[in-house]
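# the sequence and its predicted three-dimensional model are supplied below.
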Amino acid sequence: MSKRLIPVLILAVGVAGFLFLKMTRPEPAEVGATERSWRVQIQQVEPGIHTPVLPLYGEVVAPEQLTVTATLAGRIGERPVTEGQRVNEGDLLVALDDDDIQPALAQAEAQVADLDAQIRSEQVRHRNDQAALTNEQAILDNARRQLERTRSLVNRNLASREALEAATDAAARAELTVNTRQRAIEEHPARLQSLEAKLAQAKANLDSTRRDAKRARMLAPFEGIVTGIQVARGDQVSRNEALLSLYPVEGLELRARVPELFRAELLDALSRGDTLRATSADNNHRFRLTRFAGTSDPSGTEAILELEGEPKGLRPGGLLQVTLERAARGNTVAIPFSALYGAGSVYLMTADSRMERVKVERIGEARGQNGERRLLVSGEALASGARLITTHLPNAVTGLKVEVADSGAVEQ
């Protein structure tokens, strides 16, 4: 065989083999397009009556806190209490030194005694003026008669002009004395009234001083906690200077700002006589909503909640987080926050396993059976038995195909 035919033969054999393999290959299966399904968790919707809650942050205050002030100027003689000490009603809080109290009391008593003496002196003077007026009136009458006699003698040239002038002067002096005495008698009621008014003022000052002296030993008017101590024994204090504060063990309040969105609802509940309570985050303290503050600002209005039970370590000025129970709402559903899309939409699972977006009304927060936070909503589409999709899908859209991930659906 010619060497030139060998390559041609090899090429022919290769082409024949390729054609044979192509003719005997298996036919590939047809590939059809399939729709992807997203795995989600669902909750069976069962509308019912739920109690929405409102988280609040507030400051503990003592509305009946008492500031003890110095009733008189002086030095601190006793201060047996310390900061934060609990005292009983009638316990001594602080006392001024007696050596500073007695001089003020003695001065007030002396002022009353002095005015008493001045009134008695004025009464004696008045009686003397009345008696002297009678005698001075008689002297005036005699002086006037003497003046008439002297004038008659002068007219008959039986007396000198000097004698007439002397008689005239004597009559004028007697009349002046009588007028002065009469004026003193007429002024007696005014002088007496002035002295009596000063005496009344002095007696009032004495009563006030005695009261302040009695209060110089300042006793606790109720069972409470001592705070705000500003003096020590031996300190010099002035009148009305603040010494310390005392607040009652009972009667603490929590002032928390409530958004304007909820104020009208809470006021309506209070007007109906509903009892709205709040619980601290650790469940150690319970409060009852009683009223709102008289003023508000754009951020809200302060709600005032009274503490129920023992303070258990609460102190005025402390911040506390509480959960306020609002009025119960019917036909509502508690759902996970992950089920909410936007401001007020959720997705339901249709009979053909597709997502359907529906509108809902946000009522507020609620607490689950194990205490977890849940969202309380209502809406016409949330009928009993509906399947709510609780898994939050970033690509959620109406018509998206889904399937239940497991059988752990939450029963409402």
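Received it, and whenever you're ready, just let me know what you need.

# for this protein, longest strand please?
When the chain is parsed with DSSP state E, its longest strand is strand 286-297.

# what number of residues lie near residue 7?
Around residue 7 there are 9 other residues, counting by other CB atoms under 10 Å. Glycine gets a C-beta too; all of them are placed from N, C-alpha and C.

# nope, residue 83 is what I meant
Residue 83 has 10 nearby residues by other CB under 10 Å.

# swap in residue 236?
12.

# all helices for the chain, in order.
All helices of the chain, identified by DSSP state H, fall at 5-24, 98-155, 161-186, 188-215, 260-271.

# would you turn those helices into TSV with mean pLDDT?
Shown next, in TSV, are the helices of the chain (pLDDT from 0 to 100):
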stretch	mean pLDDT
helix 5-24	72
helix 98-155	88
helix 161-186	85
helix 188-215	92
helix 260-271	91
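
# who wins for proximity to residue 321 among the ones you listed?
helix 260-271 (16.5 Å; CB to CB).

# just want the angle from that closest one to strand 286-297.
120 degrees (axes from the mean of the first three to the mean of the last three CA atoms, to 10 degrees).

# how far does helix 260-271 sit from its chain's centre?
19 Å (CA atoms, centre = their mean, to the nearest Å).

# do stretch 41-61 as well
Taking mean C-alpha positions (CA atoms, centre = their mean), stretch 41-61 and its chain are 27 Å apart.

# pull up the distance across it, start to finish.
Chord length of stretch 41-61, first to last residue, is 46 Å (CA to CA, to the nearest Å).

# sorry, back to before: a markdown table for the helices of the chain, including distance to residue 313?
Putting those into a markdown table (distance: least, CB to CB, whole Å) gives the following:
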| stretch | distance to residue 313 |
| --- | --- |
| helix 5-24 | 90 |
| helix 98-155 | 39 |
| helix 161-186 | 76 |
| helix 188-215 | 32 |
| helix 260-271 | 28 |
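
# wait, residue 339 sits on residue 388?
Yes - using CB atoms under 8 Å, residue 339 is in contact with residue 388, at 5.9 Å.

# can you list residues touching both of the two?
43, 346-347 (CB atoms under 8 Å, 6 or more residues apart in numbering).

# which among the residues you listed gets closest to residue 122?
Of the shared contacts of residue 339 and residue 388, the one sitting nearest to residue 122 (CB to CB) turns out to be residue 346, at 95.6 Å.

# pLDDT score for that closest one?
Note for residue 346: predicted pLDDT of 94.

# re earlier: which one of the helices of the chain lies closest to residue 83?
That would be helix 188-215 among those, by CB to CB, at 22.4 Å.

# tell me the angle of that closest one relative to helix 161-186?
Using the same axes, to 10 degrees: helix 188-215 against helix 161-186 is 40 degrees.

# now the angle from helix 188-215 to helix 98-155?
170 degrees.

# who does helix 188-215 touch, helix- and strand-wise?
helix 98-155 (3 or more CB pairs under 8 Å, 6 or more residues apart in numbering; DSSP states H and E).

# same for the helix it packs on, what does it pack against?
strand 74-78, helix 161-186, helix 188-215.

# mind listing what the first one pairs with, with the direction of each?
According to DSSP bridges, strand 74-78 has the following sheet partners: strand 92-96 (antiparallel), strand 236-237 (antiparallel).

# what residues sit buried inside it?
74, 76-77 (16 or more other CB atoms under 10 Å).

# contacts for it next, please.
92, 94-101, 216-217, 231-237, 243.

# format the CA atom coordinates belonging to that strand as CSV.
What follows is strand 74-78, C-alpha atoms only, in CSV (Å, rounded to 0.1, in the frame of the first residue of the first chain):
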residue,chain,number,x,y,z
GLY,A,74,-28.7,81.1,115.8
ARG,A,75,-26.4,78.1,116.0
ILE,A,76,-27.3,74.5,115.4
GLY,A,77,-27.3,72.8,118.8
GLU,A,78,-28.4,69.3,117.7
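
# follow-up on the earlier one: could the buried residues of strand 74-78 go into a markdown table alongside pLDDT?
Compiled in a markdown table, these are given as follows (pLDDT from 0 to 100):
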| residue | pLDDT |
| --- | --- |
| 74 | 91 |
| 76 | 94 |
| 77 | 93 |
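
# which one of those is nearest residue 399?
residue 76 (82.4 Å).

# for that closest one, give the beta-bridge partners.
Bridge pairing for residue 76 - DSSP bridges - gives residue 96.

# do you know how far it is from residue 221?
Distance of residue 76 to residue 221, computed by CB to CB, to the nearest Å: 20 Å.

# now do residue 208
20 Å.

# what does residue 293 give?
From residue 293 to residue 221 the distance is 26 Å (CB to CB).

# same deal with residue 205?
25 Å.

# neighbour count for the two, which is higher?
Taking other CB under 10 Å, residue 205 and residue 221 do not tie; residue 205 has more neighbours (16 against 13).

# isn't that one up against residue 108?
Yes - under the criterion of CB under 8 Å, residue 205 makes contact with residue 108 at 5.3 Å.

# please pick the buried ones from the contacts of strand 74-78.
Among the contacts of strand 74-78, those classed as buried by 16+ other CB under 10 Å are 94-97, 100-101, 216-217, 231, 237, 243.

# got the domain boundaries for the chain?
Here the domain assignment for the chain is 39-50+329-411, 54-63+251-325, 100-213, based on automatic domain parsing.

# so which of those comes closest to residue 87?
Of all the domains of the chain, domain 54-63+251-325 comes closest under CB to CB, at 14.5 Å.
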